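S.K.: here is my input, please return the structure:
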Amino acid sequence: MSRLTRISILLAVFFALDKAAALLRLVILNRQFGFSKEYDAFNVANNIPDMLFTLISGGALAVAFIPVLSETLTRQGRASAWDLFSRIANLAFVVTGVLALIVAVLAGPLVRSELGIAPGFEEVQQALVVDLMRLNLIATMIFAISGLVMAGLQANQSFLFPAMAPLLYNAGLIFGALILSPGPENTLGPFKLPGFGLGIHGLVYGTILGAALHLGIQVPGLVKNGFRWVPQLELNSEPVRKVLRLMGPRVTTMFMVQMTFLVRDNLASRLEQGSVSALTLGYMVVQVPETLIGTAIGTALLPTLSELVAAQEGRAFHATLQRALRVIVAFTIPVAVVLALGLRPLLEVAFRNLTPAEMDTLVWVVRGFLVGLTGECLLEIAARSFYARQDAITPMLVAALSLVVFVGLGWAFFRALGAAGISLAVSIALTFQSSLLLILLSRRLVEKLSPGFTPLRALAAALLGGAGVVLVARAALAAGLPALLIGAVALAAGGLLALLPVWQEARLLLKL
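M.R.: Alright, predicted model coming up:
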């Protein structure tokens with residue numbers, strides 16, 4: 001088993017725990033708030049603070065940072081790498097603080113404007129969004145540092161503490177949902193719990209607590225890797241300028257990605273109540289397989305690809321990327337089909353307080369997102385491959401095209417297909433984006449990328465797994481099994497059957 005495979009499995013395990021905690025959180029939130037106006041407001045209020053985090057330390061700077069930090073670590077040693085880290089982290093914190101202050105001042109227009117994030121909400125609901133958004137900026141400030149700490153540890157090939165951080169973040173949110181939000185008559189099954197009665201505001205305080213835990217769990221990793229903080233800001237050194245040169249296009253790219261979420265909720269706010277929550281919940285559900293496959297492999301891959309570029313190992317870069325591509329295609333196509341056909345009974349158990357109409361909306365939203373599962377997972381490695389080569393321009397231009405595709409399709413679909421039309425538009429745009437990136441990347445490598453017969457085997461796996469889900473679900477239903485068992489047995493059977501045609505790629509996973 002290769003080092004990259006071991007790292008991918010480690011990340012997948014912790015990501016699985018994180019997603020299990022996230023799903024538990026969603027179940028708790030849904031049973032407490034349902035598809036209410038308050039919960040819609042909470043979900044919309046997260047958008048701009050999340051954008052700040054993603055644009056600076058969470059996505060833009062972190063991904064632009066890792067290749068340069070890996071290069072500094074390889075060529076100049078750990079002391080120089082941590083010196084660079086300190087200067088970038090200081091800069092990120094200051095910039096985030098200034099932008100957070102601007103957002104807090106302009107929160108009203110950002111929410112209420114026709115081009116804002118919730119023009120379709122009523123006035124009281126918009127005021128709640130403004131209040132929650134301003135509180136959420138506190139968590140954003142904490143994440144500004146925590147996201148960079150995660151990138152710094154990953155560049156040092158230290159993945160354990162960063163992998164644990166999202167789990168702690170979910171713990172904070174669950175505490176907010178179970179303790180801070182409910183009133184004094186708060187129970188969990190037979191247990192009576194203390195309740196602070198903060199309502200939807202309790203979720204924001206839970207978010208702030210989760211952000212603090214996200215940062216705190218990574219501090220031992222910094223100590224272990226000999227981190228020394230340098231209290232200086234500097235823009236003149238070549239490594240800092242190189243990070244900033246990469247960051248500019250990366251910020252633009254991530255802005256395009258975040259605009260997808262803003263446009264998504266803008267359109268959904270014009271639909272029936274609960275559409276925003278259905279899209280948020282559906283996206284979170286599909287993020288479980290996406291994270292376990294695409295994000296786990298992509299996160300483990302970036303430092304290795306960066307090192308191969310620094311060492312000018314072109315053939316090893318190609319071979320590593322091609323193995324990852326084949327594994328992702330082989331697993332995501334059958335997973336998407338199996339989940340699309342067999343997930344409903346589990347959703348009905350987890351979110352049993354939804355009305356039949358709301359459940360129908362959620363199921364079709366999930367299916368719309370599953371159409372793009374392969375494309376979204378491939379995007380995790382396609383974009384990182386360009387950043388490893390210190391090319392941030394190409395992903396930026398392709399992301400801009402993808403946003404245009406989404407806006408056009410979203411506007412065309414959302415009236416006719418409702419929330420499911422929006423999720424379908426997201427999937428098509430993401431698939432377009434990853435496909436175009438891989439085509440452009442393939443032309444720059446020592447030889448072209450080729451998935452071989454993997455797509456055909458994946459389609460065969462999807463057909464076999466899908467048939468297994470349908471047949472087993474019908475047999476379980478005829479036998480009178482409860483919905484939870486029907487869903488679990490059908491998905492397990494479908495997954496095992498789907499594994500047979502792609503066994504070759506499953507073995508390849510051990511050799512990443």
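S.K.: contacts and neighbour counts: CA atoms only from here.
M.R.: Noted.
S.K.: quick one: low-confidence parts of this structure?
M.R.: 1-5, 8, 55-64, 188-189, 510-512 (pLDDT under 70).
S.K.: OK, contacts around the spatially most central residue of it?
M.R.: Centroid-nearest residue in the chain: Gln287, 6.2 Å away (criterion: C-alpha atoms, centre = their mean). By C-alpha atoms under 8 Å, 6 or more residues apart in numbering, Gln287 lies in contact with nothing.
S.K.: and it, how far from Ala296?
M.R.: Distance of Gln287 to Ala296, given as C-alpha to C-alpha, to the nearest Å: 12 Å.
S.K.: show residues contacting whichever strand or helix holds Ile297.
M.R.: Assigned by DSSP states H and E, Ile297 belongs to helix 296-310. Residues outside helix 296-310 that contact it (C-alpha under 8 Å, 6+ apart) are 4, 7-9, 11-12, 15, 66-67, 70-71, 74, 154-155, 157, 314, 316-317, 324, 380-381, 384-385, 388-389.
S.K.: how far is it from where the chain is centred?
M.R.: On the basis of C-alpha atoms, centre = their mean, to the nearest Å, helix 296-310 sits 18 Å off its chain's mean C-alpha point.
S.K.: which element follows that helix toward the C-terminus?
M.R.: Note on helix 296-310: by DSSP H and E, the next helix or strand toward the C-terminus is helix 314-342.
S.K.: that next one to helix 296-310, inter-axis angle?
M.R.: Interaxial angle of helix 314-342 relative to helix 296-310 (axes from the mean of the first three to the mean of the last three C-alpha atoms, to 10 degrees): 170 degrees.
S.K.: which of the residues in helix 314-342 are buried?
M.R.: 317-318, 320-342 (16 or more other C-alpha atoms under 10 Å).
S.K.: so who does Thr252 touch?
M.R.: Met396 are the contacts of Thr252 under C-alpha under 8 Å, 6+ apart.
S.K.: distance check, it against Thr394.
M.R.: Thr252 is 11 Å from Thr394, by C-alpha to C-alpha.
S.K.: next one: Asp360
M.R.: Taking C-alpha to C-alpha, one finds Asp360 at 39 Å from Thr394.
S.K.: just to revisit the earlier point, can you list which of the contacts of helix 296-310 are found in helices?
M.R.: The helices, defined by DSSP state H, take in 4, 7-9, 11-12, 15, 66-67, 70-71, 74, 154-155, 314, 316-317, 324, 380-381, 384-385, 388 from these.
S.K.: in ChimeraX, how would I select the buried members of those?
M.R.: Selection of buried members from the ones in helices among the contacts of helix 296-310 for ChimeraX, criterion 16+ other C-alpha under 10 Å:
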select :4,7,8,9,11,12,15,66,67,70,71,154,155,317,324,380,381,384,385,388
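S.K.: number of residues surrounding Val470?
M.R.: Under the neighbour criterion other C-alpha atoms under 10 Å, Val470 is assigned a count of 18.
S.K.: next one: Asn236
M.R.: Using other C-alpha under 10 Å as the criterion, Asn236 is surrounded by 8 other residues.
S.K.: quick one, phi/psi of it?
M.R.: The phi/psi pair for Asn236 (degrees, to the nearest 10) reads phi -90, psi -20.
S.K.: quick check: Gly116 is in a helix.
M.R.: No: counting by DSSP: H, G, I helix; E, B strand; the rest coil, Gly116 is not found in a helix; it is coil.
S.K.: isn't it up against Leu110?
M.R.: Yes: counting by C-alpha atoms under 8 Å, Gly116 touches Leu110, with 5.0 Å between them.
S.K.: tell me the secondary structure at Lys192.
M.R.: Recorded secondary structure, Lys192: strand (three-state DSSP).
S.K.: measure it to Gly183 for me?
M.R.: For Lys192, the distance to Gly183 equals 11 Å [C-alpha to C-alpha].
S.K.: more neighbours, the two?
M.R.: Shown here are Lys192 and Gly183; by other C-alpha under 10 Å, Gly183 has more neighbours (16 against 11).
S.K.: confirm the more buried one sits in a helix?
M.R.: No: secondary structure of Gly183 (three-state DSSP): coil, not part of a helix.
S.K.: next SSE downstream of the host helix or strand of Ser427?
M.R.: Ser427 belongs to helix 419-442 when assigned by DSSP H and E. Next helix or strand after helix 419-442 toward the C-terminus (DSSP H and E): helix 454-478.
S.K.: contacts for that next one next, please.
M.R.: For helix 454-478, the surrounding residues in contact (C-alpha under 8 Å, 6+ apart) are 326, 329-331, 333-335, 337-338, 341-342, 485-487, 489-491, 493-502, 505.
S.K.: tell me how far Ala419 lies from Thr187.
M.R.: Remark: distance between Ala419 and Thr187 (C-alpha to C-alpha) = 33 Å.
S.K.: ok, these two, which is more surrounded?
M.R.: Legend: neighbour count by other C-alpha under 10 Å for Ala419 and Thr187, higher for Ala419 (31 against 15).
S.K.: good, we can wrap up now.
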